[in-house]
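J.: Below are the sequence and a predicted model; questions follow.
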Amino acid sequence: MDVVLMRIGDNLALKNPLIQEENSFCAYFLAKKHDLGREADQESRFTLRVPMTIEDLENTGKLEVLSGDLHQLCGYHQRVRECLAGEFITFMTFGAGARINFRCIKLNSSDVPIWLRDYVNSVAVNPALFNLSKFHLALTRHVVPSNSPSSRSCQSCASISFATIDTFWTALSGVIEPSIENVSFSAANVTVICLTIPLQAETNLRLESEMRSRQSRYNDPTADFSPPQCPAMQNADVILQSSDGVHFHVHKSILSMSSPFFHDMLSVPQPADSELVDGLLVVYLTEDAEVLHNLVTLLYPIPFVTPDDYDKALTLLSASHKYDMAAVQSSIRAKMKSKDLHPLTAAATFRAYCFASAKGLTQEMECVARLSLDFPMTFESIGDELAMFGGWALRDLARYRKRCRDSLVSCLESLLDLRLPPSDIWVGCQSTTSPTIAWWLQTLLTEHIRTLRGTFALSLLKPSSFRAEYLASLQSHVSQTDCTFCSKVHIMHGETFCVQAEKKLQNSLDRVSSS
């Protein structure tokens, strides 16, 4: 079959059968799934011709196929963009791009038309724009003036000959195509493998040293990381060993009462060859010493401290969920709520969602999914956390975001209805000719609707921010028109309107589940 596979691979390399651009992501996924490295490399280049954003992939149904296989592809796209950006600087400054004589009304300091520079830079950001029709569209937008009073038609660029355009396009292609070919799809993997092999012995020594250090600190009562102490913990009859080799002496009865998982484990007769330390059974767990230390303190009547770091608190909660410790989970969640622990950055938020989703922490997944609405959902904002998204987690989060977006749009549209409260109070503004709500409020709401309909990848409207935007729009309107009607309505009903509007917006989000 090797000969057959070779012939099939050669036909694919010749694009026979031809893989259409819109199918390149699916072809890439299939090549990765079946460990066809050569074909995955080829299809990764085809994906450069198609816009690759979370929103594009979800709207075309490809995010469902690619979830869990995007990290390496995104890294490849990033390396291509970085390579093109460097090549384009030389091309536009010293290469053929600078030598071709485009006479334009708007030139930069290097005598290159600004519209041409912007187009070339856009290709470096999004290689899918490297298309002759996209180039002509950029030229047309420059030649045909916009509605802005300051814009004017550029007759010089309008008269550019086809021969000049062909010369430029050939020169640009001569930069882009070799640059892309020089970027290896699997370069990152090769580097990791090469670095891992010589450092393996050093890594093992470091891990052994760290394990000894942790065990020593745990057995030292004066150390910060000391074992939990209380009279009830004496005469322990089982040892829990952490993943980094630290021993925790506890009682079978305490474990069995707090966890059905341990109850079932310890009620089964242990094999005769089970490891014993000081005559006690050793149970090996996958959690590290810090997590087990916090978990053990929750089982005994001694003070416990929930980590101040959200990731560590979530890991502790995951361990209690894994071992089916319902009472311990409640204690951890209460402590996290009292400390108002939550991820503060986009990367931390997306990482927490991945972790909660993978560990089955439904409450935390719902909470973090809501928090993620405050950040853009792009490959750039997710960053390296993209590698943690397994299965359908990325697709599910994108679809939750779309449902939240749609719910917000419906709510904003209801606020535009002059027949319904709370917006009915705004009918009668002296600057509005037709019987509708005040134009400044209408503009505020319709602008949000337009933005939300345009994309779900941006940060969504926060209900708590509506009041500030309302006040800013009202103040601008009153200062420009001296509108006594809107001033009076605001004084009498403005606070009630804001409270009701924020409540409607909040309810529109609360109705959406991340499940």
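T.: The structure has been received and is ready for your questions. Computed from a predicted structure; not experimentally measured.
J.: Which of the helices or strands spans the residue lying closest to residue 466 once chain neighbours are set aside?
T.: Of all residues not flanking residue 466 in the chain, residue 502 sits nearest, at 5.4 Å (C-beta to C-beta, 6 or more residues apart in numbering). In short, each C-beta sits where N, CA and C put it, glycine included. Residue 502 belongs to helix 484-510 when assigned by DSSP states H and E.
J.: Which residues belonging to that helix are considered buried?
T.: Under the neighbour-count criterion of 16 or more other C-beta atoms under 10 Å, helix 484-510 has 485-486, 489-490, 494, 497-498, 501-502, 504-505, 508-509 buried.
J.: Let me know the closest of the residues you listed to residue 88.
T.: Set against residue 88, the nearest of the buried residues of helix 484-510 by C-beta to C-beta is residue 509 (42.2 Å).
J.: Is the closest one in contact with residue 406, as I believe?
T.: No - with contact defined as C-beta atoms under 8 Å, residue 509 does not reach residue 406; the gap is 11.1 Å.
J.: hang on, the earlier thing: rebuild the buried residues of helix 484-510 as JSON lines, extending it with distance to residue 376.
T.: Formatted as JSON lines, the buried residues of helix 484-510 follow (distance: C-beta to C-beta, whole Å):
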{"residue": "485", "distance to residue 376": "38"}
{"residue": "486", "distance to residue 376": "34"}
{"residue": "489", "distance to residue 376": "35"}
{"residue": "490", "distance to residue 376": "33"}
{"residue": "494", "distance to residue 376": "31"}
{"residue": "497", "distance to residue 376": "30"}
{"residue": "498", "distance to residue 376": "26"}
{"residue": "501", "distance to residue 376": "24"}
{"residue": "502", "distance to residue 376": "23"}
{"residue": "504", "distance to residue 376": "25"}
{"residue": "505", "distance to residue 376": "20"}
{"residue": "508", "distance to residue 376": "20"}
{"residue": "509", "distance to residue 376": "17"}
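J.: leaving aside the residues next to it on the chain, what's closest to residue 409?
T.: residue 452 (5.2 Å).
J.: May I see the buried residues of whichever strand or helix holds the one you found?
T.: Using DSSP H and E, residue 452 maps to helix 439-454. Neighbour counts using 16+ other C-beta under 10 Å place 439, 440, 441, 442, 444, 445, 448, 449, 452 of helix 439-454 among the buried residues.
J.: And that helix, what does it pack against?
T.: Helices and strands touching helix 439-454, by 3 or more C-beta pairs under 8 Å, 6 or more residues apart in numbering; DSSP states H and E, are helix 393-415, helix 466-481.
J.: Just the CA trace of that helix, in CSV.
T.: The C-alpha coordinates for helix 439-454 follow below in CSV (Å, rounded to 0.1, in the frame of the first residue of the first chain):
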residue,chain,number,x,y,z
TRP,A,439,-33.2,61.0,18.2
TRP,A,440,-30.1,61.0,20.4
LEU,A,441,-31.4,57.9,22.3
GLN,A,442,-32.4,56.3,19.1
THR,A,443,-28.9,56.9,17.7
LEU,A,444,-27.3,55.4,20.8
LEU,A,445,-29.4,52.2,20.6
THR,A,446,-29.2,51.7,16.8
GLU,A,447,-25.4,52.2,16.9
HIS,A,448,-25.2,49.3,19.4
ILE,A,449,-27.5,47.2,17.4
ARG,A,450,-25.5,47.8,14.2
THR,A,451,-22.2,46.9,16.0
LEU,A,452,-23.6,43.8,17.6
ARG,A,453,-25.1,42.6,14.3
GLY,A,454,-21.8,43.2,12.5
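J.: So what's the residue count around residue 36?
T.: 18 (other C-beta atoms under 10 Å).
J.: What distance do you get for it to residue 43?
T.: Distance, residue 36 to residue 43, by C-beta to C-beta, to the nearest Å: 9 Å.
J.: which element follows the least confident helix or strand in the chain by mean pLDDT toward the C-terminus?
T.: Every helix and strand of the chain was ranked by mean pLDDT, DSSP states H and E. The lowest is helix 187-219, at a mean of 41. Where DSSP H and E defines the elements, the next helix or strand beyond helix 187-219 is strand 238-241.
J.: Average pLDDT for that next one, rounded please.
T.: Averaged over strand 238-241, pLDDT sits at 89.
J.: Please name every helix or strand in contact with that strand.
T.: In terms of contacts (3+ C-beta pairs under 8 Å, 6+ apart), strand 238-241 is packed against strand 247-250, strand 280-284.
J.: most neighbours per residue, which of the ones you listed?
T.: strand 247-250 (a mean of 20; mean count of other C-beta atoms under 10 Å).
J.: Tell me the helices and strands packed up against the following helix or strand past that strand.
T.: Once the chain leaves strand 247-250, the next helix or strand it forms, by DSSP H and E, is helix 252-258. Packing partners of helix 252-258 (3+ C-beta pairs under 8 Å, 6+ apart): helix 260-267.
J.: Mind checking the pLDDT average for the helix it packs on?
T.: The model assigns helix 260-267 a mean pLDDT of 89.
J.: ok, now stretch 56-67?
T.: Averaging pLDDT along stretch 56-67 yields 76.
J.: picking that back up, make CSV out of the buried residues of helix 439-454 and add pLDDT and distance to residue 249.
T.: Below are these laid out as CSV (pLDDT from 0 to 100; distance: C-beta to C-beta, whole Å):
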residue, pLDDT, distance to residue 249
439, 90, 73
440, 93, 69
441, 93, 67
442, 92, 69
444, 95, 64
445, 95, 63
448, 95, 59
449, 96, 62
452, 94, 57
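J.: Which of these sits closest to residue 283?
T.: Closest to residue 283, out of all of the buried residues of helix 439-454 and judged by C-beta to C-beta, is residue 452, at 52.0 Å.
J.: Does the closest one touch residue 404 like I think?
T.: No - Residue 452 lies out of contact with residue 404 (C-beta under 8 Å); the separation is 9.5 Å.
J.: Show me whatever sits in contact with both of these two.
T.: Common contacts of residue 452 and residue 404 (C-beta atoms under 8 Å, 6 or more residues apart in numbering): residue 460.
J.: Need the helices and strands packed on strand 238-241 in CSV (columns: distance to residue 83 and mean pLDDT).
T.: Formatted as CSV, the helices and strands packed on strand 238-241 follow (distance: least, C-beta to C-beta, whole Å; pLDDT from 0 to 100):
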stretch, distance to residue 83, mean pLDDT
strand 247-250, 52, 88
strand 280-284, 47, 88
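J.: can you list those in JSON lines and add distance to residue 421?
T.: As requested, the helices and strands packed on strand 238-241 are exported to JSON lines (distance: least, C-beta to C-beta, whole Å):
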{"stretch": "strand 247-250", "distance to residue 421": "60"}
{"stretch": "strand 280-284", "distance to residue 421": "62"}
